[in-house]
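K.L.:
sequence? don't have it. structure:
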């Protein structure tokens, strides 16, 4: 395990997973991000009319669409800034369930629903490739502020896992043996971000 | 030479030469003819394994799928050599086993097509290398440490995860897609080396399993000519003809698949420690097995019901938080497994054979969901350390370690290599699976013994006087003493503690031997016996019967040596009640002694008479025809007093109340007729409690809420049970059950306000506790579409305090749902004036705390409070 391959996952691959994607890539990690929802859903001008886009719609197109609807409104709720950030990181939101060619060592999900969706999808893939993936959930509320806090917490966990991976490799110890201890230590530092963990198979 | 062969094949198929395959060849060439045990080559081995996996994985389309088997075959021997390394790193071993999981079915399929015996022998060696290390700490090895210690259960998790996947692959490969095409005849199962709980459960319902298999969706059949690695799970024994020249051990392989599934299931049931990662990994691969071989579903589900997460112990070096988190992870995986099964119709309520599992597993999943949500809402670190401390005690620890030690001395048999009529599988190096297997051997042995007890009673009675049989039994007794595997039984004493049938035949814990098998219908007993005899290990059966024989011998020897004492005792039996041991004598069973029992009102003793005593009693009755029957019965019944009912223990009350709650809730589903009576007179006391207007859809909630608030309010545990059940019922479908929960909370409030004294403000304990719990659990699930029911709930709650209003906070702060929160507050301001002041304060606090909702808060404050 030379360098760990990370992946961040939330529902729409816009707010939480992209914030964590940004933080991890800025920290020099090999990272990608995905969403598990059926479509990309963003708040609309009224509560009953959300903006819905299919995965693969470029962030730039979404940005322009919202800009044309109401610049004031979407600036005040932070959506335009979020999309501006996203389009600088990658082209378009990607759906986890549709991406079977890439494999990762570590997957961070940002909501229990997404964690369940990732585990469920791996079950559906039937473990054909057989390689092991470690899935962690960090429960982050879907708003700007919590996405930032959650992103930093995910980076801390990534730091701990990377350090542990390097230590395991240098001392010829199994990587997975230390995961529960790392998680307990991390959880103590972040009591408001309840975590989940499961090993899975590609 | 092998390299040349692959290149030749590529040229022959006229496909492009992919770079990835060249990279693999290059990394392999570095290793050929090298000493792989040399640590200097470990990095190269790791690179080779990684390249190999990347080259052959289904998502790699640079090499055509048809060509991949040839790439694999070229390097198969090297994979075998890497796995055979005695000294290796955890990373290399994990990669090699993962690699083996992937290439094994492809090579197997190739052998099926080409009958290459050399390849098959390499495959068998790979299988043997990996399986013999299952449940060991390989590659971790320290000769100075006792690796049977429980703490090592948590070591080498990477290897275990990879091995779990390899085992699941073998199970899928060696289990026929179509169970009706199984090459195993019923007789082949008689050679089973251990009877696991899962297999015994499945054997009891083998017909059900067959029916389930018929109903289950069939996996796609493999076609030998066009192998697609992405459908590796479709390769199976079905694709191998019965007269295959190389793979000629099909029945043995199929039998081995069953044993391997037992390994996985037994690990879940028997592993004493909380090895969360391996538990979760097994749950994952079980879903692969079910999806690929649906006819294994019942067997897996029945074992899953025995997987008790709460019983797993904490490791000594594990913090309580670590243990708690591990438990939480396993609970989540269990819940996800059930939900996956239900969603994909593997756990299908419309299938009558699966329905019982559906009901139970669904209930467990719901409970686990509630526990998970509760933990999350309370705070993950907010727990009582004493409650979650689950350290294993020294006695239990020593018991398990000693057992492992004794088992580790046994020879480690390897899985079947070639055609053999009696396949045997290696017993697990540690105690886990063996413990279960032996426990079940005990269970089956005892079940058989109990089932045949009645039938053999007369024969045994006649055998009493035959000295030859006594000698034979004595021989058996000495044989028993020489057998080492009598330790497999919990109760292996060669001497019975008394002369009852249960003490004679019981090989289990005495608590488990109180089942009266004679109560079962004959057809079930016959099936149980025949299945047991087919499945049980012959050695265990002989050992079990030998123990019983030695007990017989001991009892008869004792009886022969004390004939006088027995008769003299019986002559005086009219004056005192008989001791239990005296029932072995014939004369002490005469009626006078029974009469003494009856007079002392020990009805229980009559019920607990051993079958032998009862049969002797009947025999004596015939012999004593000269006794005046009428007078005898007059004597008995004139003094007969019905026994006083025994008081229920709290646990019994608890169990009964559970049944009552279940049945009462079920009333809701039944369309009972309105049992209206015209006699509404309240003069009769009975009418005061009689439900005059019965409506099955409403009355059940009145019964349960009044039972909780009044009927059993003296006992907190019982009343909380009812409330928990109501809560669960509500959350099963809160959309349609708002009225029910309002009825309940109104009842809680009403009762507490009735019993409240004028100056007692803290009296709404139960109401506050449960209304807040409902709101806290409900709020995360609410969406805008629930506006109507949520406003109804909030407006009809009989009492609202600041704590209740605060539960809406998360909705108000959620951009997607804030409208729901503020609309509810607005409604409360307008229609519950007595809450206005609380809401005003709440809005002021909210806008101070979070500026994002300033606008909404100010709108309400300005409109209603300015």
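P.N.:
Everything's here; your move. Every value quoted in this text rests on a predicted model; they were computed, and no experiment measured them. Numbering: from 1, shown residues only, chains lettered A, B, ... in the order given.

K.L.:
all helices of chain A, in order?
P.N.:
Secondary structure of chain A (DSSP state H): helices at A:16-26, A:59-69, A:71-76, A:79-89, A:112-124, A:144-171, A:179-189.

K.L.:
closest to residue B:137 out of these?
P.N.:
Checking the helices of chain A against residue B:137 by CB to CB gives helix A:144-171 as the closest, at 15.4 Å. Every residue, glycine included, has its C-beta placed from N, CA and C.

K.L.:
Residue numbers of the stretch 51-200 of chain B in contact with chain A?
P.N.:
B:53, B:57-59, B:89-91, B:94, B:98-99, B:101-102, B:140, B:154-159, B:161-162, B:165, B:168-169 (CB under 8 Å from any CB of the partner chain).

K.L.:
Show me the domain layout of chain A.
P.N.:
What the TED database lists as the domains of chain A is A:6-37+A:95-201, A:40-89.

K.L.:
check which helix or strand covers the residue lying closest to residue B:809 once chain neighbours are set aside.
P.N.:
Nearest residue to residue B:809 in three dimensions, chain neighbours excluded: residue B:846, at 6.7 Å (CB to CB, 6 or more residues apart in numbering or on different chains). Residue B:846 belongs to helix B:836-849 when assigned by DSSP states H and E.

K.L.:
How many residues are close by residue B:764?
P.N.:
Using other CB atoms under 10 Å in any protein chain shown, residue B:764 has 18 other residues around it.

K.L.:
That one contacts residue B:752, correct?
P.N.:
Yes - under the criterion of CB atoms under 8 Å, residue B:764 makes contact with residue B:752 at 5.1 Å.

K.L.:
Low-confidence regions, the stretch 201-350 of chain B specifically.
P.N.:
Of all residues in the stretch 201-350 of chain B, those with pLDDT under 70 make up the ranges B:201-234.

K.L.:
does chain A sit close to the helix or strand that contains residue B:335?
P.N.:
In the assignment (DSSP H and E), residue B:335 maps to helix B:320-343. Yes - Helix B:320-343 is in contact with chain A by CB under 8 Å from any CB, via B:321-322, B:325-326, B:328-329, B:332-333, B:336, B:339-340, B:343.

K.L.:
Let me see the contact set for residue B:360.
P.N.:
Neighbour list for residue B:360: residue B:305 [criterion: CB atoms under 8 Å, 6 or more residues apart in numbering or on different chains].

K.L.:
Just the pLDDT for it.
P.N.:
Residue B:360 carries a pLDDT value of 88.

K.L.:
Angles on the backbone of it, please.
P.N.:
phi -70, psi -50 (degrees, to the nearest 10).

K.L.:
before we move on, what about residue B:312?
P.N.:
Torsion angles, degrees, to the nearest 10, at residue B:312: phi -80, psi 140.

K.L.:
Burial check on it, number of neighbours?
P.N.:
21.

K.L.:
Test my guess that it contacts residue B:329.
P.N.:
No - using CB under 8 Å, residue B:312 is not in contact with residue B:329; the gap is 11.9 Å.

K.L.:
measure stretch B:268-283 end to end?
P.N.:
9 Å (CA to CA, to the nearest Å).

K.L.:
Would you quantify the distance from the nearest residue to residue B:90 once chain neighbours are set aside to residue B:111?
P.N.:
Nearest non-adjacent residue to residue B:90, counting by CB to CB, 6+ apart: residue A:174, 3.9 Å away. Plainly put, residue A:174 is 32 Å away from residue B:111 if you go by CB to CB, to the nearest Å.

K.L.:
How about residue B:263?
P.N.:
For residue B:263, the distance to residue B:111 equals 24 Å [CB to CB].

K.L.:
Please tell me I have it right and residue B:298 contacts residue B:357.
P.N.:
Yes - here residue B:298 lies in contact with residue B:357, judged by CB under 8 Å, at a distance of 7.2 Å.

K.L.:
Neighbour count: these two, which is higher?
P.N.:
Taking other CB under 10 Å, residue B:298 and residue B:357 do not tie; residue B:298 has more neighbours (26 against 23).

K.L.:
hmm, stretch A:40-57 touching chain B?
P.N.:
Yes - Stretch A:40-57 is in contact with chain B by CB under 8 Å from any CB, via A:43, A:47-48, A:50.

K.L.:
now that we're looking at residue A:112, which residues does it contact?
P.N.:
A:137, A:139, A:196, B:376.

K.L.:
what do you get for residue B:325?
P.N.:
By CB under 8 Å, 6+ apart, the contact set of residue B:325 is A:180, A:183-184, A:187, A:195, A:197, B:380.

K.L.:
Need the helices of chain A in a markdown table (columns: distance to residue B:252 and mean pLDDT).
P.N.:
Output for the helices of chain A, formatted as a markdown table (distance: least, CB to CB, whole Å; pLDDT from 0 to 100):
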| stretch | distance to residue B:252 | mean pLDDT |
| --- | --- | --- |
| helix A:16-26 | 49 | 95 |
| helix A:59-69 | 58 | 93 |
| helix A:71-76 | 67 | 90 |
| helix A:79-89 | 56 | 94 |
| helix A:112-124 | 30 | 93 |
| helix A:144-171 | 39 | 92 |
| helix A:179-189 | 38 | 93 |
